[in-house]
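Q: What follows is a predicted protein model with its sequence.
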Protein chains: 2
Amino acid sequence: MIAENVNQRISASELTSVVKYSSEGLVPAIIQDRASGSVLMMAWMNKETLAKTIETGRTWFWSRSRKELWAKGETSGDIQIVLDIAVDCDGDTLLIEVDQKGKGACHTGNFSCFYRGIAEMFESST
Amino acid sequence: MIAENVNQRISASELTSVVKYSSEGLVPAIIQDRASGSVLMMAWMNKETLAKTIETGRTWFWSRSRKELWAKGETSGDIQIVLDIAVDCDGDTLLIEVDQKGKGACHTGNFSCFYRGIAEMFESST
């Protein structure tokens, strides 16, 4: 999915140098499942967890509430194998394409964290 | 795409009441194109622009740099017709499915803002 829109392939070190972190040192990472095309979740990375994600080929995030890094699926086993990473035009958002393992990405048991949708006005379009 | 993962349809007013805004009153909105499945961009909404998005069926965002609301495609004509809106498990991220009109979502002329990808380690998987 990412590859269809990528027309510039840059090195991992170039990509990490392009990323602009917030004042808290964080960048939002959108996680998309390749097989289904589903957007699974959004979570935050800092410089260290982005580096670990690239290095290990699995997603690592920064928990703002617990103030610690975490490896996705570490306890559940529902890990995300990283297939591609893109950065947006202004460098402040990442899009990471994964192979979602196990039951899914959400701690509620749903495949995607986006399991609640608006009822009205969209019913005719779905 | 969103509909495949949605198992709870809630009203627009329920959805807006579920959203948790940051200390700046903002929530990140991921924009996904229905036809291609591409993640196009991520931008910020506040309470007012989320309401305008629901009301008008087009995307409205809050510009953190210009400190003003803006209607996507207002000058370029490349508007986004809203087809579905979902909120994530903890209420702090929106996923909006659209029909992207015109050339695309990015001011660079690319269809998606995510047009730069990592070269190494993913080449074998694409």
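A: Looks like it came in fine. Numbering: from 1, shown residues only, chains lettered A, B, ... in the order given.

Q: Tell me which residues of stretch A:106-115 come out buried.
A: Within stretch A:106-115, the residues scored as buried using 16 or more other Cβ atoms under 10 Å in any protein chain shown are A:106, A:110, A:111, A:112, A:113, A:114, A:115. All C-beta spots, glycine's among them, are computed from the backbone N, C-alpha and C.

Q: contacting residues for the nearest residue to the third one once chain neighbours are set aside?
A: Among residues not flanking residue A:111 along the chain, residue A:104 sits closest, at 3.4 Å (Cβ to Cβ, 6 or more residues apart in numbering or on different chains). For residue A:104, the contact set (Cβ atoms under 8 Å, 6 or more residues apart in numbering or on different chains) comprises A:40, A:78, A:110, A:111, A:112.

Q: I'd like to know how far residue A:104 sits from residue A:73.
A: Distance of residue A:104 to residue A:73, computed by Cβ to Cβ, to the nearest Å: 10 Å.

Q: do the same with residue A:6
A: For residue A:6 relative to residue A:73 (Cβ to Cβ), the value is 26 Å.

Q: Please confirm that residue A:50 is located within a strand.
A: No. Counting by DSSP: H, G, I helix; E, B strand; the rest coil, residue A:50 is located in no strand; its state is helix.

Q: my read: it touches residue A:25, true?
A: No. Using Cβ atoms under 8 Å as the test, residue A:50 is too far from residue A:25 to be in contact (10.8 Å).

Q: More neighbours: which of the two?
A: Set residue A:50 next to residue A:25 and count neighbours by other Cβ atoms under 10 Å in any protein chain shown: residue A:50 wins out with 24 against 12.

Q: The residue nearest the centre of chain A: what's it in contact with?
A: What sits nearest the mean C-alpha location of chain A, by Cα atoms, centre = their mean, is residue A:31, with 2.8 Å. Listed by Cβ under 8 Å, 6+ apart, the contact partners of residue A:31 are A:39, A:40, A:41, A:42, A:43, A:59, A:80, A:96, A:98, A:105.

Q: what about the fourth one, neighbour count?
A: Pointing back at residue A:42 there. Residues near residue A:42, counting by other Cβ under 10 Å: 23.

Q: repeat for the fifth one
A: When counting by other Cβ under 10 Å, one arrives at 24 neighbours for residue A:43.

Q: I'd like to know the beta-bridge partner residues of the residue lying closest to it once chain neighbours are set aside.
A: Leaving aside its chain neighbours, residue A:43 sits nearest to residue A:61 (4.2 Å; criterion: Cβ to Cβ, 6+ apart). On the basis of DSSP bridges, residue A:61 is bridged to residue A:70.

Q: ok but residue A:111 is inside a strand, no?
A: No. Counting by three-state DSSP, one finds residue A:111 to be coil, located in no strand.

Q: Quick check, it in contact with residue A:105.
A: Yes. Using Cβ under 8 Å, residue A:111 is in contact with residue A:105, at 6.7 Å.

Q: Can you pull the residues that touch both of these two?
A: With contacts defined as Cβ under 8 Å, 6+ apart, the residues shared by residue A:111 and residue A:105 are A:33, A:40.

Q: Got the phi and psi for the residue lying closest to residue A:36 once chain neighbours are set aside?
A: Using Cβ to Cβ, 6+ apart and skipping the chain neighbours, the partner closest in space to residue A:36 is residue B:4 (7.0 Å). Residue B:4 adopts backbone torsions of phi -60, psi -30, taken as degrees, to the nearest 10.

Q: how close does residue B:4 get to residue A:114?
A: Look at residue B:4 and residue A:114: by Cβ to Cβ, they are 10 Å apart.

Q: Residue A:98 reaches residue A:85, doesn't it?
A: No. Using Cβ under 8 Å, residue A:98 makes no contact with residue A:85, being 9.7 Å away.
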